[in-house]
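1. return a 3D structure for these sequence lines:
(chains A and B)
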Amino acid sequence: MDLFHNLALGFGVAVTPINLLYGFVGCILGTLIGVLPGIGPVATIAMLLPATYALPPVSALIMLAGIYYGAQYGGSTTAILVNLPGESSSVVTTIDGYQMARKGRAGPALAAAGIGSFFAGCVGTLILAAFAPPLTELAFKFGPAEYFSLMVLGLIGAVVLASGSLLKAISMIVLGLLLGLVGTDVNSGVARFSFDIPELTDGIGFVVVAMGVFGYGEIISNLSVEPENREVFTAKVQGLFPTKQDFKLMMPAIMRGTALGSVLGVLPGGGALLAAFAAYTLEKKTKLRPGEVPFGQGNIRGVASPESANNAGAQTSFIPLLTLGIPPNAVMALMVGAMTIHNIQPGPQVMTSNPELFWGLIASMWIGNLMLVILNLPMIGIWIKLLSVPYRYLFPAIVLFCAIGVYSTNNNTFDVWMVALFGLIGYIFVKLGCEPAPLLLGFILGPMMEENLRRALLLSRGDWSVLVTRPLSGGLLAASLLLLVIVLLPAVKSKREEAFVED
Amino acid sequence: MNIKSQKDFFSGLMFIIVGGAFGWGSYSSYSVGTGARMGPGYFPLLLGALLALLGFAVLLTSVLAREEQADHEIGSIAWRPLFFILLANLSFGVCLGGLPAIGLQPLGMIIGIYALTLISSYADMHEFSYKGIFILATILSVGSYLAFIKLLQLQIPVWPVQITG
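-> I've put the predicted structure just below:
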């Protein structure tokens, strides 16, 4: 079997001591930022990117991936214990998880989240390994027109499924695309929008954008709200193990959550957040068994299912990145940047040209999930202690790490001035209610879209209809249009707004 | 005519201005070319125009909406954190790179960390204490030195040039 042969290759790469170490470091850091409110995975990955320059590409990507799914785990811990979602994908976990903690059942809630996440992570990894090769085959059939349309679908999908105001989100994408075009045009050699500043001819660094907008912008807006009083259930975490009855209830919920999460994760823009929302909604629709606690009052299924779903989704959202080179969300956009830094062009050729990187990364995800279960359940006490670190000690450290990270990208203070500018811009976005994630996606895809459009139009001698007359490309554009129409239908529109109000 | 959503009104305005600027810039400074032979100005002009149009639509919705949205006001601006966080970042940059314009030599990372910690702490005056800031800055200095300089071997000036030469 090819699948097993490939996985064996992957495990061979992932189980080397050095990669195990970096995977471990990634998981720890990820859990840490998941637990600490006020700093998300996007800012952290951006911050740590420069630190991975010296590493071999496989180790670097393994560590960054570890941060990503570690954050999903850590986010659920704070959701259950403090009623604060550490990550946006844990928002629904707060509903029943926090209620369980209040009833003294924090232990089983944490265990349900951990076990569910682990199971989902295993399934997600297998799906990734099984579906990546055929999708890659398909990707090789894509011409420039198809790639352009695919990116349109990806960008539209990203905002349709994961943002508040649709119109503003699309505007943010276009703004991101434009910012991505700053710098030297590869075709004509003209430096665009560089205002004769030599540093700008290389374009704006995406680390600068990510850190300014996600790091500084968020710190400033966090500091402008009064600190809330948090209630931490530290003393009450005892008896980690769920009862037999708990297991009976949560196992089917974990299955459902995993299935739903795996499917939604592959969709552009789907990823972890949508998966968790959908899974919770599905659980609420299934009938309560006699004697079961109603939802919203501490039902274990309300923890197990969304937590499985967000982990499965986090895992399968690597599929579009690894097979097509198209990032489905902001974190994956940063992974594209990380790969480019290590001279790996993301896309279908990665699997054939760097098989050990491709399969090593996949295998490391499974190992990472195992580490996280081991890390999180027994060490829960340490993570809880971290929650008591006051924000006033945290934010100067975050500002410092951002500044050092930005400086060391090019060993140039120009990037430090730029990050301040983007910090200001990020704060303006917060104030105007414009979500920055679509901007980052557009920023990464800008040059790729231009290049593919240029090639497509060159081949068709300037005829735009090539985008719709080629069946695959036309189909992708039709799908984007369909997505837009569905979201704008009044019935769906009101439901969607409802879902994001809880956010 | 009154504005139903301040946030949307000003977002729309921002998109129109930025999109217009990009569009105008690409039209006036770079060759646009044709579809078959796209010049450097072609794609940005297209996107700039699209952004301005989208901005106009956002602006319209903010004026034409039937009722006021719940969370529509921009609210007060947090000048204090905005100023001090950005200043902390800039002063760190000055410490690392110096300011050749006024003949200031680089002061290095360690001094930069103390400056950054102190200045950024002014952003939040709840339970402000110089002692706490000093301890935090010391921990961060030692930690950064070990992690970034010793372990990761990043090329960052650590001490003032005057001392190291």
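2. where does the stretch 251-400 of chain A come near chain B, residue by residue?
-> For the stretch 251-400 of chain A, the residues in contact with chain B (Cβ under 8 Å from any Cβ of the partner chain) are A:390, A:391, A:392, A:393, A:395, A:396, A:397, A:399, A:400. Bear in mind the C-beta positions are built from the backbone N, C-alpha and C, glycine included.
3. so what's the residue nearest to the spatial centre of chain A up against?
-> Central residue of chain A (Cα atoms, centre = their mean): residue A:331, 4.1 Å from the mean position. Counting by Cβ atoms under 8 Å, 6 or more residues apart in numbering or on different chains, residue A:331 touches A:41, A:42, A:45, A:68.
4. which among these gets closest to residue A:318?
-> Using Cβ to Cβ, residue A:68 comes nearest to residue A:318 of these, at 9.0 Å.
5. which helix or which strand is home to the closest one?
-> Using DSSP states H and E, residue A:68 sits in helix A:57-82.
6. give the other helices and strands that that helix contacts.
-> Applying 3 or more Cβ pairs under 8 Å, 6 or more residues apart in numbering or on different chains; DSSP states H and E, one finds that helix A:57-82 makes contact with helix A:17-35, helix A:41-48, helix A:93-102, helix A:106-140, helix A:301-316, helix A:330-341, helix A:355-376, helix A:380-386.
7. tilt between it and helix A:93-102?
-> With axes from the mean of the first three to the mean of the last three Cα atoms, to 10 degrees as the basis, helix A:57-82 and helix A:93-102 are set at 50 degrees to each other.
8. that older thread, let me know which of the helices and strands packed on helix A:57-82 is tucked in deepest.
-> helix A:301-316 (a mean of 34; mean count of other Cβ atoms under 10 Å in any protein chain shown).
9. counting contacts, what elements does that helix pack onto?
-> Helix A:301-316 sits against helix A:57-82, helix A:93-102, helix A:106-140, helix A:244-266, helix A:271-285, with contacts defined as 3+ Cβ pairs under 8 Å, 6+ apart.
10. so where's chain A shaky on pLDDT?
-> By pLDDT under 70, the low-scoring segments of chain A are A:1, A:37-39, A:84-88, A:161-164, A:226-240, A:267-273, A:387, A:490-503.
11. switch the cut-off to 50
-> Within chain A, the ranges that satisfy pLDDT under 50 run A:501-503.
12. about what we covered before: the helices and strands packed on helix A:57-82: which one's closest to residue A:295?
-> Smallest distance to residue A:295 across those (Cβ to Cβ): 5.3 Å, for helix A:301-316.
13. CA atoms only for the closest one, dumped as CSV, please.
-> What follows is helix A:301-316 as a C-alpha-only set of coordinates in CSV (Å, rounded to 0.1, in the frame of the first residue of the first chain):
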residue,chain,number,x,y,z
ARG,A,301,-21.6,16.2,24.5
GLY,A,302,-21.5,20.0,24.1
VAL,A,303,-17.8,19.9,25.0
ALA,A,304,-16.7,16.7,23.3
SER,A,305,-18.3,17.3,19.9
PRO,A,306,-17.1,20.9,19.1
GLU,A,307,-13.7,20.1,20.5
SER,A,308,-13.3,17.1,18.2
ALA,A,309,-14.6,19.1,15.3
ASN,A,310,-12.2,22.0,15.7
ASN,A,311,-9.3,19.7,15.9
ALA,A,312,-10.3,17.6,12.9
GLY,A,313,-10.9,20.9,11.0
ALA,A,314,-7.5,22.2,12.0
GLN,A,315,-5.9,19.1,10.7
THR,A,316,-7.8,18.8,7.4
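14. hmm, back to that, and of the helices and strands packed on helix A:57-82, who's closest to residue A:477?
-> Of all the helices and strands packed on helix A:57-82, it is helix A:106-140 that lies closest to residue A:477, at 17.1 Å by Cβ to Cβ.
15. wait, residue A:91 touches residue A:275, no?
-> No: Residue A:91 is beyond contact range of residue A:275, at 12.0 Å (criterion: Cβ atoms under 8 Å).
16. kindly reformat the helices and strands packed on helix A:301-316 as JSON lines containing distance to residue B:51.
-> JSON lines is the format used below for the helices and strands packed on helix A:301-316 (distance: least, Cβ to Cβ, whole Å):
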{"stretch": "helix A:57-82", "distance to residue B:51": "30"}
{"stretch": "helix A:93-102", "distance to residue B:51": "36"}
{"stretch": "helix A:106-140", "distance to residue B:51": "30"}
{"stretch": "helix A:244-266", "distance to residue B:51": "30"}
{"stretch": "helix A:271-285", "distance to residue B:51": "25"}
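17. how about those, which one is nearest residue A:409?
-> Closest approach to residue A:409 among these is made by helix A:57-82 (14.0 Å; Cβ to Cβ).
18. I'd assumed residue B:86 was in contact with residue A:423.
-> Yes: the criterion here is Cβ under 8 Å, and residue A:423 meets it with residue B:86 at 5.7 Å.
19. in a markdown table, list the helices and strands packed on helix A:57-82 along with distance to residue A:202.
-> Output for the helices and strands packed on helix A:57-82, formatted as a markdown table (distance: least, Cβ to Cβ, whole Å):
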| stretch | distance to residue A:202 |
| --- | --- |
| helix A:17-35 | 28 |
| helix A:41-48 | 17 |
| helix A:93-102 | 42 |
| helix A:106-140 | 29 |
| helix A:301-316 | 32 |
| helix A:330-341 | 13 |
| helix A:355-376 | 26 |
| helix A:380-386 | 38 |
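20. so which of those helices is nearest residue A:265?
-> Counting by Cβ to Cβ, residue A:265 lies closest to helix A:301-316 out of the helices and strands packed on helix A:57-82; the figure is 3.4 Å.
21. which parts of the helix or strand following the closest one are buried?
-> Next along the chain after helix A:301-316, taking DSSP H and E as the criterion, comes helix A:318-324. Of all the residues in helix A:318-324, those buried under the rule 16 or more other Cβ atoms under 10 Å in any protein chain shown are A:318, A:319, A:320, A:321, A:322, A:323, A:324.
22. quick one: which of those residues is nearest chain B?
-> Closest approach to chain B among those (Cβ to the nearest Cβ): residue A:324, at 21.1 Å.
23. OK, contacts around the residue nearest to that closest one when sequence neighbours are not counted?
-> The shortest distance from residue A:324 to any non-neighbouring residue, by Cβ to Cβ, 6 or more residues apart in numbering or on different chains, is to residue A:139 (5.1 Å). Each residue near residue A:139 by Cβ under 8 Å, 6+ apart is listed here: A:323, A:324, A:325, A:347, A:348.
24. pipe the residues you listed into JSON lines and attach distance to residue A:192 per row.
-> Below are those laid out as JSON lines (distance: Cβ to Cβ, whole Å):
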{"residue": "A:323", "distance to residue A:192": "31"}
{"residue": "A:324", "distance to residue A:192": "27"}
{"residue": "A:325", "distance to residue A:192": "23"}
{"residue": "A:347", "distance to residue A:192": "24"}
{"residue": "A:348", "distance to residue A:192": "29"}
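25. for residue A:186, find the nearest of the helices and strands packed on helix A:301-316.
-> Residue A:186 lies closest to helix A:106-140 among those, at 21.9 Å (Cβ to Cβ).
26. sorry, back to before: in the contacts of residue A:331, find the pair that's most separated.
-> Farthest pair in those (Cβ to Cβ) is A:42 and A:68. Separation: 9.6 Å.
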